[in-house]
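Enquirer: Take a look and give me a structure for this.
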Amino acid sequence: MTAVTQPMPWRHDAPTIGAVSLAHGLSHFCQLLIPPLFPWIGAAMHLSNTQLGALLTVFYVTSWAGQAMAGFVVDRFGARLVLYGGLGLLALANFGLALSPGYASLLLFMLVAGLGNCVFHPVDFSILNQRVSTSRLGQAYAAHGISGNVGWSLAPVFGVGITQLTGSWRWALAAAAGVIAVVLAGLVMARATLDVRAAPTSHTAPQADGAFAFLRLPAVWFCFSFFLVFAFALGGIQSFAPAAAGQLHAMRAEQVAVCLSTYMAASAVGMVLGGQLVRDPQRSARVAGLGFGVAAAMALLVGLGSWSAAAVPLLFGAMGFSSGVAGPSRDLLVRQATPPGATGRVYGVVYSGLDVGMAFSALVFGALMDHQQYRLLWVAVAAALVLLIASAFNMRRGVQRVATAAA
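Expert: Below is the predicted model:
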């Protein structure tokens, strides 16, 4: 099922966009709640950076494995109940992490968190594409992306703030679990705004060679590769790059947390501009390429330059803004590559590239931190951002082939 072709009143579309964006923001909030707490968790449990990075690897490997399957579940049974299940698992995981007595239980509940996290992209885009008017999808994608970055930007401040206030990282995770439970209750009450039917099984859905036929589309794998590289760079920025910047530029722990929040907030602002630029689909790859090129330059400046502690957050902000501009164009390219009736499956597979990249990233950048290769870490981030420029144009070429074949 595609988006509503005839424009609906804003009072129909806005609650759906708001509810989906709130859930998406909360999933991103949970993704970035743990990394800023690494100094406290590592000290309390005597863990190395590689061991801490492995926590994220477990989370993202689980999310990757579950996300592709979640897409099939969404297409078969509908999105709303799957969304509720994901939020419930995130609440359980954060309560479990708060009570964990050792490293093994941390690994277990990061696995539970990964299962909760895996549902959001197949669910969110299925709901948006089915309920929101086609003319407003650009704004819906922008709001969806902005909410994710707002969640990311709030997580370090929330986690570090409560940890410093209470003296315990456990209270920060318990408070996060409470927030998730409240949001879940609110979305159950607002269930009418999330009501969509399961994907049709008539002629509009992939047949015969079946539910997996979309995997033969090169555009799907171009998009998957793009998200994998994107997540590798983003995972470095979220997990260990701020701490590496702190080591290079003599920054305090609270200043490091501000860097990450600045990056995420600026990225959300960039998505506002990106939501306007996405109205012209023909320039989406150029917009993405320019944004990632500027972000790569900012990463090299952080890693190779010499800056005051006050200047580093500004560089993070410039890097985040330029990356954010590319977000809505990226999502539009994925939609253009999606055959009818396979929204959940395509988004599940494509966005599982995020989890693969994040899982790999956590180990690589954790090892670089353990070996005190702070400048090399930033060079690796910049190299991944440069690679995204070529990946964006590959995505565009794949989408053009889909359009040509359809014509």
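Enquirer: Count the neighbours of Leu260 for me.
Expert: Neighbour count of Leu260, defined by other CB atoms under 10 Å: 28. (C-beta placed from N, C-alpha, C; glycine too.)
Enquirer: That one contacts Pro156, correct?
Expert: Yes. Applying CB atoms under 8 Å, one finds Leu260 in contact with Pro156, separated by 4.9 Å.
Enquirer: any common contacting residues for these two?
Expert: Counting by CB atoms under 8 Å, 6 or more residues apart in numbering, the contacts common to Leu260 and Pro156 are Leu32, Pro36.
Enquirer: Tell me where the model's unsure across the stretch 151-300 of the chain.
Expert: Under the criterion pLDDT under 70, the flagged ranges of the stretch 151-300 of the chain are 197-214, 278-282.
Enquirer: Would you map the helices across it?
Expert: Shown for the stretch 151-300 of the chain, the helices assigned by DSSP state H, counting those that start in this stretch span residues 169-189, 218-239, 241-249, 253-277, 284-304.
Enquirer: tell me the most buried of these?
Expert: For those, the largest average neighbour count (mean count of other CB atoms under 10 Å) is found in helix 218-239, namely a mean of 25.
Enquirer: Need the helices of the stretch 151-300 of the chain in TSV (columns: distance to Gly71).
Expert: Formatted as TSV, those follow (distance: least, CB to CB, whole Å):
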stretch	distance to Gly71
helix 169-189	20
helix 218-239	12
helix 241-249	30
helix 253-277	23
helix 284-304	23
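Enquirer: so which of these gets nearest Ala70?
Expert: Smallest distance to Ala70 across those (CB to CB): 15.4 Å, for helix 218-239.
Enquirer: Dump the C-alpha coordinates for the closest one into PDB.
Expert: Extracted in PDB, the C-alpha atoms of helix 218-239 (Å, rounded to 0.1, in the frame of the first residue of the first chain):
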ATOM      1  CA  PRO A 218      20.400  -3.700  -7.300                       C
ATOM      2  CA  ALA A 219      18.900  -0.500  -5.800                       C
ATOM      3  CA  VAL A 220      18.100  -2.300  -2.600                       C
ATOM      4  CA  TRP A 221      21.700  -3.400  -2.100                       C
ATOM      5  CA  PHE A 222      23.100   0.000  -3.100                       C
ATOM      6  CA  CYS A 223      20.900   1.500  -0.400                       C
ATOM      7  CA  PHE A 224      22.000  -1.300   2.100                       C
ATOM      8  CA  SER A 225      25.700  -0.500   1.400                       C
ATOM      9  CA  PHE A 226      25.100   3.200   1.800                       C
ATOM     10  CA  PHE A 227      23.500   2.700   5.200                       C
ATOM     11  CA  LEU A 228      26.300   0.400   6.300                       C
ATOM     12  CA  VAL A 229      29.000   3.000   5.500                       C
ATOM     13  CA  PHE A 230      26.900   5.800   7.000                       C
ATOM     14  CA  ALA A 231      26.400   3.800  10.200                       C
ATOM     15  CA  PHE A 232      30.200   3.100  10.500                       C
ATOM     16  CA  ALA A 233      30.900   6.800  10.400                       C
ATOM     17  CA  LEU A 234      28.000   7.700  12.700                       C
ATOM     18  CA  GLY A 235      28.900   4.900  15.100                       C
ATOM     19  CA  GLY A 236      32.400   6.300  15.500                       C
ATOM     20  CA  ILE A 237      31.000   9.800  16.200                       C
ATOM     21  CA  GLN A 238      28.400   8.500  18.700                       C
ATOM     22  CA  SER A 239      30.600   6.100  20.600                       C
END
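Enquirer: which helices and strands does that helix pack with?
Expert: Packed against helix 218-239 by the contact rule (3 or more CB pairs under 8 Å, 6 or more residues apart in numbering; DSSP states H and E) you find helix 49-77, helix 253-277, helix 327-336, helix 343-370, helix 374-406.
Enquirer: between it and helix 253-277, what angle do the directions make?
Expert: 150 degrees (axes from the mean of the first three to the mean of the last three CA atoms, to 10 degrees).
Enquirer: Please list the outside residues in contact with stretch 180-188.
Expert: Contacts of stretch 180-188 (CB under 8 Å, 6+ apart): 19, 22-23, 26, 30, 83-84, 87-88, 90-91, 94, 194.
Enquirer: Can I get whichever strand or helix holds Pro15 in PDB? Just the C-alpha atoms.
Expert: Here Pro15, judged by DSSP states H and E, is contained in helix 10-31. Taking C-alpha atoms only, helix 10-31 is exported to PDB below (Å, rounded to 0.1, in the frame of the first residue of the first chain):
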ATOM      1  CA  TRP A  10      -3.300  18.400   8.400                       C
ATOM      2  CA  ARG A  11      -5.500  17.200  11.300                       C
ATOM      3  CA  HIS A  12      -5.300  13.700   9.800                       C
ATOM      4  CA  ASP A  13      -1.600  13.600   8.900                       C
ATOM      5  CA  ALA A  14      -0.100  15.600  11.800                       C
ATOM      6  CA  PRO A  15      -1.000  13.200  14.600                       C
ATOM      7  CA  THR A  16       0.400  10.300  12.700                       C
ATOM      8  CA  ILE A  17       3.600  12.100  11.900                       C
ATOM      9  CA  GLY A  18       3.900  13.200  15.600                       C
ATOM     10  CA  ALA A  19       3.200   9.700  17.000                       C
ATOM     11  CA  VAL A  20       5.600   8.000  14.700                       C
ATOM     12  CA  SER A  21       8.300  10.600  15.200                       C
ATOM     13  CA  LEU A  22       7.900  10.400  19.000                       C
ATOM     14  CA  ALA A  23       8.500   6.600  18.900                       C
ATOM     15  CA  HIS A  24      11.400   7.000  16.500                       C
ATOM     16  CA  GLY A  25      13.000   9.700  18.700                       C
ATOM     17  CA  LEU A  26      12.700   7.400  21.700                       C
ATOM     18  CA  SER A  27      14.400   4.500  19.900                       C
ATOM     19  CA  HIS A  28      17.400   6.800  19.000                       C
ATOM     20  CA  PHE A  29      17.400   8.100  22.600                       C
ATOM     21  CA  CYS A  30      18.000   4.500  23.800                       C
ATOM     22  CA  GLN A  31      20.700   3.900  21.200                       C
END
